[in-house]
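1. Provided below for reference: sequence and predicted model.
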Amino acid sequence: MATGYIPREFIDDLLVRADVVEVINARVPLKKKGREYTACCPFHNEKTPSFTVSPNKQFYHCFGCGVHGSALDFLMQYEHLDFVEAVESLADSLGMAVPREHSGRGPDKKQIQRTKNLFSLLQEANQYYQQQLKNTQKALDYLNRRDLSDEIIQRFKLGYAPAGWDNALKLFSKSYSDQQLADSGLIVYREEEHKKYDRYRDRIMFPIRNRKGQVIGFGGRVLGDDKPKYINSPETPVFHKGSELYGFYEARLNTQKLERIIVVEGYMDVIALAQFGVSYAVATLGTATTPDHIKQLFRAVPEIIFCFDGDRAGREAAWRALENAMPMIQDGKEIRFLFLPEGEDPDTQIRKIGKEKFEASFEEAVSLTSYFVEKLKERFNIASDEGRARFLTEASKNLKTMPDTLIKDQLLKRLAKLTNVDISTLNRRHIINAPEKTEPAADFTRLSKHEVSKTPVRYAISLLLFKPSLVNYIENFEHIALSELPGSDLLTTLIETIQESPQINAAALLERWRNTEFEAPLTHLMKWQAETDDEEVLRCELQDCLRQIRKRANEKKIETLLHRSSTVGLNKQETEELAFLLRNR
Ligand SMILES: [Zn+2]
């Protein structure tokens, strides 16, 4: 296997040479439509194409389910490759050999090195916590009282963070920097008070592992009744709550044939179920189940069973899970809800009834659509006309998020029957689908799910993504940072990057910021569509944005100077500048 880092220049070059249209068309036949290509989305079920590929930006995007990315992302998503595999596959198809770098500098390498160090730090931390557990009788006693076997403690690599404020801090600052310790989430930094200390103290440690089995974070539980009961790692460069599931790695490792996944609420539930032979449970990490979670689970299994405690909190969590699951439903995949008896959680329940009966209770799990209808029926009185209308209005909110599937058809039939309203009326009243946009053609607002307003900074970024060569019309841009407008740092960085690599395209630009704070805003702006290819028009638009940003920067400068003049006073040069700015306001 090749080792070493893939140089950034190679990835730029690869994305400039590759054609996203060709890559996708070889797997999903595309049709030309205007300046773009479309197809029925390969990632969700649909009858009318909302999957769009832009040859100009070398970027695809589905208006139905929101998937998007470059040729590399497509290979990763469609063929389930990891990043390096996707690079290799794409390079291979173009007859390019992937170079590896063992030394040298560059931000990419630094970035990779940083993440790599985080992984090794977290791994070492986990070994340390495991060691501490072996030496701490009260922690072992606690796990014994919870009836956890040695085998299961080992399987989930449980550990113990000793009491005290600086055990991990002292140990790991020998080989890791403050920044790394902060990034890992192991150490808390309070800059204003110049304090740093161990985040986890006197807690049972549950390492959270990613799909490769690397430790990416921890959950820490108190031994007694102190609050908070659990502390999870904060969001870090390697840990994102919304896309990680506790126990998913272990479930795949320890289940011979994974056919379904049970989603439970806590670490101890996952572990207790595993100890009793139900090795296919996972838990979310202090968040509701996200669409991303469901997408990952459906890649692995055709059936998801959400298992909730029978109390009110459990029912509320169930409804949230349902709302997040509805946009992700697919024919051939199943989502069901299982409610435990009042007062029980999976941990207590499996100890009480054992594996066989627990698995047999899956028979009682209700389907997502049945649960949906039942919950609505509880809330509205469908014996009256008004009640039925409210019932349908409420149902409509969720129905609109559901992809067009057989499951949806079935649900509609059921609702129609229940309320005595035929499906064509439901359709006419836009109960089922959002009204068709009259002009779905390219414009800057056609992505409206998480609409962001078109500020001059955002617009300028999207124009540069659309046509990086527009950067030639930007003469100076010092004022952009000065404007302090949201996104001005991203815009400045973008301009500098394009000036350094004039041949770069949008896909390669996006690649530069993969896994950074700029990835999300860039991806979002990538979806904006310019109305025209005409360079002259685009140039005017860009210059107009820059004028508006300059205006804002001037206002900012005026504010500062006025403030100075009323406090410390201005020198001659500043007085002249203020006068000039005010004259040109
Ligand atoms: Zn889609």
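-> Nice, I can see it.
2. could you use CA atoms for every contact and neighbour count after this?
-> Noted.
3. list the helices and strands the helix ranked longest in the chain packs on?
-> The helix that spans the most residues within the chain, counting by DSSP state H, is helix 535-567. Counting contacts by 3 or more C-alpha pairs under 8 Å, 6 or more residues apart in numbering; DSSP states H and E, the secondary-structure elements packed against helix 535-567 are helix 456-466, helix 478-483, helix 572-583.
4. in JSON lines: the ones you listed, plus mean neighbour count.
-> Formatted as JSON lines, the helices and strands packed on helix 535-567 follow (neighbours: other C-alpha atoms under 10 Å):
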{"stretch": "helix 456-466", "mean neighbour count": "24"}
{"stretch": "helix 478-483", "mean neighbour count": "18"}
{"stretch": "helix 572-583", "mean neighbour count": "13"}
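5. just the element for the closest residue to the ion within the stretch 151-300 of the chain, please.
-> Residue nearest to the ion within the stretch 151-300 of the chain: Lys295 (11.8 Å; C-alpha to the ion). In this assignment (DSSP states H and E), Lys295 forms part of helix 291-300.
6. put the alpha carbons of that helix into PDB.
-> In PDB, the C-alpha atoms belonging to helix 291-300 read as follows (Å, rounded to 0.1, in the frame of the first residue of the first chain):
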ATOM      1  CA  PRO A 291     -30.800  12.600   8.700                       C
ATOM      2  CA  ASP A 292     -27.000  12.000   8.300                       C
ATOM      3  CA  HIS A 293     -27.200   9.200  10.900                       C
ATOM      4  CA  ILE A 294     -30.100   7.600   9.100                       C
ATOM      5  CA  LYS A 295     -28.300   7.800   5.800                       C
ATOM      6  CA  GLN A 296     -25.300   6.000   7.300                       C
ATOM      7  CA  LEU A 297     -27.400   3.300   8.900                       C
ATOM      8  CA  PHE A 298     -29.300   2.600   5.700                       C
ATOM      9  CA  ARG A 299     -26.100   2.100   3.900                       C
ATOM     10  CA  ALA A 300     -25.300  -0.700   6.300                       C
END
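7. what helices or strands is the strand or helix carrying Glu316 leaning on?
-> Following DSSP H and E, one finds Glu316 within helix 312-325. Helix 312-325 sits against helix 291-300, strand 303-308, with contacts defined as 3+ C-alpha pairs under 8 Å, 6+ apart.
8. rank the ones you listed by pLDDT, which is bottom?
-> Lowest mean pLDDT within these: helix 291-300, a mean of 85.
9. what is the neighbour count of the spatially closest residue to the residue of the stretch 151-300 of the chain closest to the ion that is not a sequence neighbour?
-> Spatial nearest neighbour of Lys295, chain neighbours left out: Met328 (6.9 Å); criterion: C-alpha to C-alpha, 6 or more residues apart in numbering. By the measure other C-alpha atoms under 10 Å, the count of residues near Met328 is 23.
10. taking the protein, what residue is nearest to the ion?
-> With C-alpha to the ion as the measure, Cys65 is the residue of the chain nearest to the ion, at 4.0 Å.
11. any idea how far that residue lies from Gly34?
-> 22 Å (C-alpha to C-alpha, to the nearest Å).
12. around the ion, pick out the residues from the stretch 1-150 of the chain.
-> 41, 43-44, 62, 64-65 (C-alpha under 5 Å from the ion).
13. buried subset of those residues?
-> The neighbour-count test (16 or more other C-alpha atoms under 10 Å) marks 41, 43-44, 62, 64-65 as buried among these.
14. any chance of those residues in JSON lines, with pLDDT and secondary structure too?
-> Output for these, formatted as JSON lines (pLDDT from 0 to 100; DSSP: H, G, I helix; E, B strand; the rest coil):
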{"residue": "Cys41", "pLDDT": "92", "secondary structure": "coil"}
{"residue": "Phe43", "pLDDT": "88", "secondary structure": "coil"}
{"residue": "His44", "pLDDT": "87", "secondary structure": "coil"}
{"residue": "Cys62", "pLDDT": "90", "secondary structure": "strand"}
{"residue": "Gly64", "pLDDT": "84", "secondary structure": "coil"}
{"residue": "Cys65", "pLDDT": "85", "secondary structure": "coil"}
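15. now, among those residues, which is nearest to Leu426?
-> Distance ranking of these against Leu426, using C-alpha to C-alpha, places Gly64 first at 20.9 Å.
16. follow-up on the earlier one: residue contacts, the nearest residue to the residue of the chain closest to the ion once chain neighbours are set aside?
-> Nearest non-adjacent residue to Cys65, counting by C-alpha to C-alpha, 6+ apart: His44, 6.6 Å away. Going by C-alpha atoms under 8 Å, 6 or more residues apart in numbering, His44 touches 64-65, 328, 330, 403.
17. let's verify Thr38: helix, strand, or coil?
-> strand (DSSP: H, G, I helix; E, B strand; the rest coil).
18. okay, now the closest residue to it other than its chain neighbours: neighbour count?
-> Once flanking residues are discounted, Thr38 sits nearest to Thr52: 4.5 Å by C-alpha to C-alpha, 6+ apart. Neighbours of Thr52 under the rule other C-alpha under 10 Å: 23.
19. torsion angles phi and psi at Thr52?
-> With angles defined as degrees, to the nearest 10, Thr52 sits at phi -120, psi 140.
20. and it, how far is that from Phe59?
-> Thr52 is 9 Å from Phe59, by C-alpha to C-alpha.
21. quick check: phi and psi on the residue nearest to Cys65?
-> Here is the backbone geometry of His44 (degrees, to the nearest 10): phi -150, psi 170.
22. on that earlier part again, ok, the residue nearest to Lys295 touching Ile294?
-> Yes: counting by C-alpha atoms under 8 Å, Met328 touches Ile294, with 7.0 Å between them.
23. how about the helices in the stretch 301-450 of the chain?
-> 312-325, 346-360, 368-379, 385-399, 406-419, 423-428 (DSSP state H, counting those that start in this stretch).
24. buried residues in the fifth one, which are they?
-> Pointing back at helix 406-419 there. Buried residues in helix 406-419, counted by 16+ other C-alpha under 10 Å: 407-408, 411-412, 414-416, 419.
25. which residues touch Arg336?
-> Contacts for Arg336 (C-alpha under 8 Å, 6+ apart) come out as 303-306, 365-368.
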